[in-house]
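Q: Fold the following, please.
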Amino acid sequence: MSDDPKPARQGDYRAARIGSAVALTVAVCFIVVLDALDPAREANPIILAALLGTVVTLLGIEARSIVGGK
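A: Numbering: from 1, shown residues only. Model prediction:
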C-alpha cells in the first residue's frame, strides 16, 4: 500500500494550503496596519516572523510540488 494520497485529494490539499497561506498573509497585513495606525499597540516581531514562516512553508510545499511535477 502506498502512503500517497489519491490524485483527487491532492487538489483539495493544494487548495487548503494556498487558502491558509492567503489567510495568514491577510492576518499579517492586518496586524501590521493596526500597529501602524494605533500607537498603543505594538506588533510582536516573533509572532509576525512565525506567521510569515508558516506562509513561506505552505507556499514552499506548493512550489516543490509544481517543480517536482506532482
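Q: OK, contacts around Leu11?
A: For the record, residue 11 is Gly, not Leu. Gly11 makes no contacts at all, as judged by CB atoms under 8 Å, 6 or more residues apart in numbering. Where C-beta positions appear, they are placed from N, C-alpha and C, glycine not excepted.
Q: Can you point out the helix or strand that includes it?
A: Assessed by DSSP states H and E, Gly11 sits inside helix 7-37.
Q: What residues of that helix count as buried?
A: For helix 7-37, burial by neighbour count (16 or more other CB atoms under 10 Å) applies to Arg17, Ala21, Leu24, Thr25, Val28, Ile31.
Q: Okay, buried residues for the helix or strand where Leu51 lies please.
A: Using DSSP H and E, Leu51 sits within helix 45-68. Buried residues in helix 45-68, defined by neighbour count with 16+ other CB under 10 Å: Val55, Leu58.
Q: helices or strands next to it in the packing?
A: In terms of contacts (3 or more CB pairs under 8 Å, 6 or more residues apart in numbering; DSSP states H and E), helix 45-68 is packed against helix 7-37.
Q: how distant is the helix it packs on from the center of its chain?
A: Offset of helix 7-37 from its chain centre (CA atoms, centre = their mean, to the nearest Å): 5 Å.
Q: got the angle between the helix holding Gly11 and helix 45-68?
A: Going by axes from the mean of the first three to the mean of the last three CA atoms, to 10 degrees, helix 7-37 is angled at 150 degrees with respect to helix 45-68.
Q: rounded to a whole number, what's the mean pLDDT of helix 7-37?
A: Average pLDDT, helix 7-37: 88.
Q: what do you get for stretch 44-56?
A: Stretch 44-56 carries an average pLDDT of 94.
Q: Contacts for the helix holding Leu51 next, please.
A: Contacts to helix 45-68, defined as CB under 8 Å, 6+ apart, come from residues Arg14, Arg17, Ile18, Ser20, Ala21, Leu24, Thr25, Ala27, Val28, Ile31, Val32.
Q: so what's the fourth one closest to, chain neighbours aside?
A: In other words, Ser20. Distance criterion CB to CB, 6 or more residues apart in numbering; nearest residue to Ser20, sequence neighbours excluded, is Leu58 at 6.1 Å.
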